[in-house]
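>>> What follows is a predicted structure for the sequence shown.
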Amino acid sequence: MQILGIIPARYASTRFPAKALVDIGGKSMIQRVYEQSSKATQLAQVIVATDDERILEHVLNFGGKAVMTSQDHHSGTDRCFEALTKTEGEYQYVINIQGDEPFISPEPIDRLAQVLDGSTELATLVKVIDSEDILFNVNVPKAVLNKRNEVMYFSRQTIPYLRNVETDGWLSFHTFYKHIGIYAYRTDVLAEITKLPVSSLEKAEALEQLRWLENGYSIKAVITSDDSHGVDTPDDLDRVTKKFLQ
């Protein structure tokens, strides 16, 4: 099974412009993501999909692979599909790796790749929630799974709602899952979902993966113990730098 790892990297960012090129302990953010992702043994190749010549040149200068994509894409999924069409080789799956996780571990990428058996349409990572701060944080998407570890729904709200249970006891009463935003797409499915119009559930929750569920696609969930450490703001950068480099 040939799997292509793609790291979408935009230059513009409302909260942190040019964050892909920010220096983190002597290496740019995108270089760290690229090098960490390249350690995943299940990926045949890793490329950066960018919309900016500065990022493209930077990746090529440190020895990485990159392709230019349109500035008009509204999601990393759309950018991944264009990058796939511009990459030589036959791939059965694409794994979309977040470009703002400079200390991503290769192990969860490999775990995700292990469920890509040809029948799996889409897959993603989830982590058991062990903190009330995460459980009730509407900025953290949660996932509800069925018995086959397929995602039934994603929400920013805490779901399921536990009737007749005090909120301070929810974590001991039920297993809740945090969504870790790394996606795997079977390449034919990737081509299909990029043509779908924005759905009503996606609009309601501002979560693009709900478009796929609403249109009948199946999303396999892989449970990981690794957490995400994304950098959306300069404060996030300070936090992850202190955690991993000090």
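Received it, and whenever you're ready, just let me know what you need.

>>> From Lys19, how far out is the nearest residue to Lys243 once chain neighbours are set aside?
In space, not counting the residues next to it along the chain, Lys243 is nearest to His229; the distance is 7.1 Å by CB to CB, 6 or more residues apart in numbering. (Each C-beta comes from the backbone N, C-alpha and C, glycine too.) Distance check for His229 against Lys19: by CB to CB, to the nearest Å, it reads 14 Å.

>>> Compare those two (neighbour count), which wins?
Legend: neighbour count by other CB atoms under 10 Å for His229 and Lys19, higher for Lys19 (25 against 17).

>>> For burial, what's the neighbour tally of the nearest residue to that one once chain neighbours are set aside?
Distance criterion CB to CB, 6+ apart; nearest residue to Lys19, sequence neighbours excluded, is Ser13 at 5.5 Å. Each residue near Ser13 was counted by other CB under 10 Å, and the total is 14.

>>> any idea whether Ser13 is helix, strand or coil?
Following DSSP: H, G, I helix; E, B strand; the rest coil, we place Ser13 in the coil state.

>>> quick one, phi/psi of it?
phi -160, psi 130 (degrees, to the nearest 10).

>>> any idea where the strands of this protein begin and end?
3-9, 23-24, 27-28, 45-50, 66-68, 93-96, 122-128, 142-145, 151-155, 177-186, 219-223 (DSSP state E).

>>> Looking at the ones you listed, which is nearest to Ser75?
strand 3-9 (8.4 Å; CB to CB).

>>> Okay, buried residues for the longest helix anywhere in the chain please.
Across the chain, the longest stretch assigned as helix under DSSP state H is helix 234-245. Going by neighbour count (16 or more other CB atoms under 10 Å), the buried part of helix 234-245 is 236-237, 240.

>>> Mind putting the strands of the chain into CSV with mean neighbour count?
Listed next are the strands of the chain as CSV, based on neighbours: other CB atoms under 10 Å:
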stretch, mean neighbour count
strand 3-9, 26
strand 23-24, 14
strand 27-28, 17
strand 45-50, 24
strand 66-68, 18
strand 93-96, 26
strand 122-128, 21
strand 142-145, 19
strand 151-155, 19
strand 177-186, 23
strand 219-223, 20
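
>>> So what sits opposite the nearest residue to Asp227 once chain neighbours are set aside in the bridge?
Excluding the flanking residues, the one nearest Asp227 by CB to CB, 6+ apart is Lys127, at 5.9 Å. Beta-bridge pairing of Lys127 under DSSP bridges involves Lys178.

>>> Does Lys127 touch Gly181 like I think?
No: counting by CB atoms under 8 Å, Lys127 does not reach Gly181; the two are 11.2 Å apart.

>>> what's the neighbour count on the closest residue to Leu245 other than its chain neighbours?
For Leu245, ignoring the flanking residues on the chain, the nearest one in space by CB to CB, 6+ apart is Gly25 at 4.8 Å. Counted with other CB under 10 Å, residues neighbouring Gly25 total 10.

>>> where's the residue nearest to Asp227 relative to Ala143, distance?
10 Å.

>>> can you list residues touching both of the two?
177-178 (CB atoms under 8 Å, 6 or more residues apart in numbering).

>>> Which residue is the nearest non-sequential neighbour of the residue sitting nearest the centre point of the chain?
In the chain, the C-alpha nearest the mean C-alpha coordinate belongs to Ile182, at 2.6 Å (CA atoms, centre = their mean). Nearest non-adjacent residue to Ile182, counting by CB to CB, 6+ apart: Leu125, 5.2 Å away.
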